[in-house]
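J.: Okay, sequence plus prediction incoming.
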Amino acid sequence: MKLWGGRFTKPTNQLMEEYTASISFDQKLAQYDIQGSLAHVNMLQACHIISEEDAATIADGLRSVATAIENGEAELHQEHEDIHMNIEKLLIDQVGPVGGKLHTGRSRNDQVALDMRLYLRDTVLEITQLLSDVQASLIKQAEANPDTVLPGYTHLQRAQPVLFAHHLLAYVFMFQRDSERLQDSFKRINQMPLGAGALAGTTFPIDREYTAKELEFDGICENSLDAVSDRDFVVEFLADASLIAMHLSRMSEELVQWSSAEFDFIELDDAFCTGSSMMPQKKNPDVPELVRGKTGRIYGHLQGMLTMLKGLPLAYNKDMQEDKEGMFDAAETLQGALALFADMTKTMHVKKDSMYQAVRQDYSNATDLADYLTEKGMPFRQSHETVGSIVLHCIHHQKYLLDLTLDEFQTFSHLIDADIFDVLDPKTVVNARRSAGGTADESVREQLRKAHAFINEN
Ligand code: ARG
């Protein structure tokens, strides 16, 4: 017998029951659903809508249903469609018809919106914590390698050397914005929809503020139609999740490149790599590859949610049951990636010498030679031209700038003196970029100070 069976004369079609049920996935909301019901029943009693005795029976019943579900002892049935009706059915089986008073002044429409918000509230806090863990690992690596230099790239061509710590800190700042976005979204998630009823409110003298306070919401959704219709807070979460995934994916791409023999800048710990079934020598960076690969599904969930919502008239429509799987999957995919990233980046081996060789064997100090000539009075455009021909000369003679003799330098310009060799040293090149936010040692130390301050606050 269905809980809503009163106006029906026939059993439901089997296929339609399978097709429309959400219990296979919305059971993830079980504990939140019960948390919401406990607050609701307290409110019903406080407002004298149900008796103290009935409220206590219902609350006890709900707690034992919670325990049964937690221990895997409760049977959830597709016949009861979703987690809300399964729990109500379990409650009524447990405490008898008085359990039927729980749903007074409530609809599944406001109930499901509440459960989603309770779930996301926890999830957003968990993801913020995981982001902090990743940031902490990156900061640790930055501090463990304070003077490690590697080529900085534009167009994936070696451009100017940068401190490895500077490169890692770039991601720390990206993850900081991600974290701030999530923290900001919390205040929009944390509005209480219960009491909106099916769409228009309820005839019972409920106290929505009471329920909001019980559940530690910042306030109530002010319009009942809005409360049950919108899922913008889910869209916002998926957008935030997409940005995090994008940042993780770019970093993944770099970790994959850096692990290759061609770059040879890092080695990921064995614990985070796999071998090949055929080629005995292989050690593959599966984790960053898969994090990069899974980014698509998070973007997909964002697109799916926006599309699902775009044509819906107010208020609730069954389409909206499609709001859950993408949200769960995005959250779980991200939680997995972030947890792995924190450990993987903390344990990776940084090949300092190999990075230094890469910096030593390129022309990434050419800008500094041009700046040197400019400081000595040559107009920058002419310095650029002169250094261009010096680089070309080097390429023809298979040399780097630091391999040239002073005599060779001076055939291009008499402005060049013996101090040029120090100016072109990679360490000097890095430390010359002292502008705020630049890669010089002191600027990177300043960034580290800021990073420590904000991750302590997150
Ligand atoms: N399982 C439903 C969902 O997730 C719960 C709300 C059902 N409401 C309704 N009027 N059929 O959307």
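T.: Yep, it's here. Please read all numbers here as calculations on a predicted model, not as lab measurements. Residues are numbered from 1 along each chain as shown.
J.: For the stretch 201-350 of the chain, which residues are neighbours of the ligand?
T.: Taking C-beta under 6 Å from any ligand atom as the criterion, the stretch 201-350 of the chain approaches the ligand at residues Y316, K318, M320, Q321. Every residue, glycine included, has its C-beta placed from N, CA and C.
J.: I'd like to know how many residues surround D403.
T.: A count of nearby residues for D403, using other C-beta atoms under 10 Å, gives 11.
J.: This structure: strands as residue ranges?
T.: Per DSSP state E, the chain carries strands over the ranges 149-154, 157-163, 191-192, 219-220, 266-267, 349-350.
J.: and among these, the most buried is which?
T.: strand 191-192 (a mean of 22; mean count of other C-beta atoms under 10 Å).
J.: thinking again about what came up before, mean pLDDT and distance to I87 added to the strands of the chain, as TSV?
T.: Listed next are the strands of the chain as TSV, based on pLDDT from 0 to 100; distance: least, C-beta to C-beta, whole Å:
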stretch	mean pLDDT	distance to I87
strand 149-154	96	55
strand 157-163	95	55
strand 191-192	98	19
strand 219-220	98	23
strand 266-267	98	49
strand 349-350	98	50
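J.: how much space is there between the closest residue to the ligand within the stretch 151-300 of the chain and Y32?
T.: Proximity of the stretch 151-300 of the chain to the ligand (C-beta to the nearest ligand atom) peaks at A198, 6.9 Å away. Using C-beta to C-beta, to the nearest Å, one obtains 20 Å as the distance from A198 to Y32.
J.: now Q321
T.: Spatial separation of Q321 from Y32 under the definition C-beta to C-beta is 16 Å.
J.: do F233 as well
T.: 14 Å.
J.: For whichever residue of the stretch 301-450 of the chain sits closest to the ligand, which non-adjacent residue is spatially closest?
T.: The nearest approach of the stretch 301-450 of the chain to the ligand comes at Q321, 3.6 Å away (C-beta to the nearest ligand atom). Sequence neighbours aside, S22 is the residue nearest to Q321 in space, at 5.2 Å (criterion: C-beta to C-beta, 6 or more residues apart in numbering).
J.: what sits against the one you found?
T.: Under the criterion of C-beta atoms under 8 Å, 6 or more residues apart in numbering, the contact partners of S22 comprise E81, D82, I83, Q321, K324.
J.: Repeat that for A196.
T.: Taking C-beta under 8 Å, 6+ apart as the criterion, A196 is in contact with S107, N109, D110, A113, C221, S224, L225, A227, V228.
J.: Give me the residue at the spatial middle of the protein.
T.: I244 (3.8 Å; C-alpha atoms, centre = their mean).
J.: per-residue pLDDT, that one?
T.: Residue-level confidence at I244 comes out at 98, pLDDT.
J.: quick one: contacts for it?
T.: With contact set as C-beta under 8 Å, 6+ apart, I244 has these partners: I127, L131, F175, D178, L334, L338.
J.: list the contacts for the fourth one?
T.: Taking C-beta under 8 Å, 6+ apart as the contact definition, D178 lies against L131, D240, L243, I244, H247.
J.: And for the first one?
T.: Neighbouring residues of I127 by C-beta under 8 Å, 6+ apart: L182, A241, I244, A331, L334, Q335, L338.
J.: Just confirm the last one contacts L131, I think it does.
T.: Yes. In this structure, L338 sits in contact with L131. The criterion is C-beta atoms under 8 Å, and the distance is 6.4 Å.
J.: Just give the number of residues close to L404.
T.: Here the neighbour count serves as a burial measure; for L404 (other C-beta under 10 Å) it reads 21.
J.: Actually, C394.
T.: 18.
J.: do N71 as well
T.: Taking other C-beta under 10 Å as the criterion, the count of residues near N71 is 8.
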